[in-house]
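Trainee: how would this look folded up:
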Amino acid sequence: MKALIPVELIEKKILLIRGEKVMLDSDLAELYGVEVKHLKRQVRRNIDRFPEDFMIQLSKEEYDSLRRHFGTLKRGGHSKYLPYVFTEQGVAMLSSVLNSERAVKVNIEIMRAFVRLRQMLASNAELSRKLNAIEKKYDAQFKVVFDAIRQLMIPPDPKRRQIGFHREKEGK
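Mentor: Modelled structure (predicted):
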């Protein structure tokens, strides 16, 4: 069965803020196929379903940091209100307040992405524990090998395309 939205696309929209894996209200609205203001309206109408461990409003500093680091705003997408981010439980609750077939289907895909992310983090932690145990058994001559393996376990920094005008260097 083909997913409505590729899990990789969803995973790219999961952020780590205040030590929580969360998704921005604008990203969720896009995935659900609704306007951000509609999503926020439904949340306000059902605010008792969204305690602070389900939904967080970003501070101005957090929002500015996101804009600088990730370029989260699309042209014309600026809002005068600070965005909300939803934890995994908050995302699950959203499908019940949006009441659409698409919201339910998208929610299933998002839940799968959160589970997959958790599994990847757990397997990486397990691999690290096993590597530490093996390293204790061998002497210093293998230290270089273990250091190289640890470097390979670090996720790569995403390549960012430089923006702006770039002059060609002379002699090319």
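Trainee: Now do the helices in this structure.
Mentor: Along the chain, counting by DSSP state H, helices occupy 7-12, 25-32, 36-45, 60-70, 88-98, 101-137, 143-153.
Trainee: Need the ones you listed in TSV (columns: mean pLDDT).
Mentor: Shown next, in TSV, are the helices of the chain (pLDDT from 0 to 100):
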stretch	mean pLDDT
helix 7-12	78
helix 25-32	89
helix 36-45	92
helix 60-70	81
helix 88-98	85
helix 101-137	76
helix 143-153	70
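Trainee: Can you say which of the ones you listed is packed in most?
Mentor: Ranked by mean neighbour count, these are led by helix 25-32 with a mean of 22 (mean count of other Cβ atoms under 10 Å). For every residue, glycine as well, the C-beta is placed using N, CA and C.
Trainee: What distance do you get for the nearest residue to I149 once chain neighbours are set aside to R118?
Mentor: In space, and not counting its chain neighbours, I149 is closest to L131: 6.2 Å by Cβ to Cβ, 6 or more residues apart in numbering. Distance from L131 to R118, counting by Cβ to Cβ, to the nearest Å: 20 Å.
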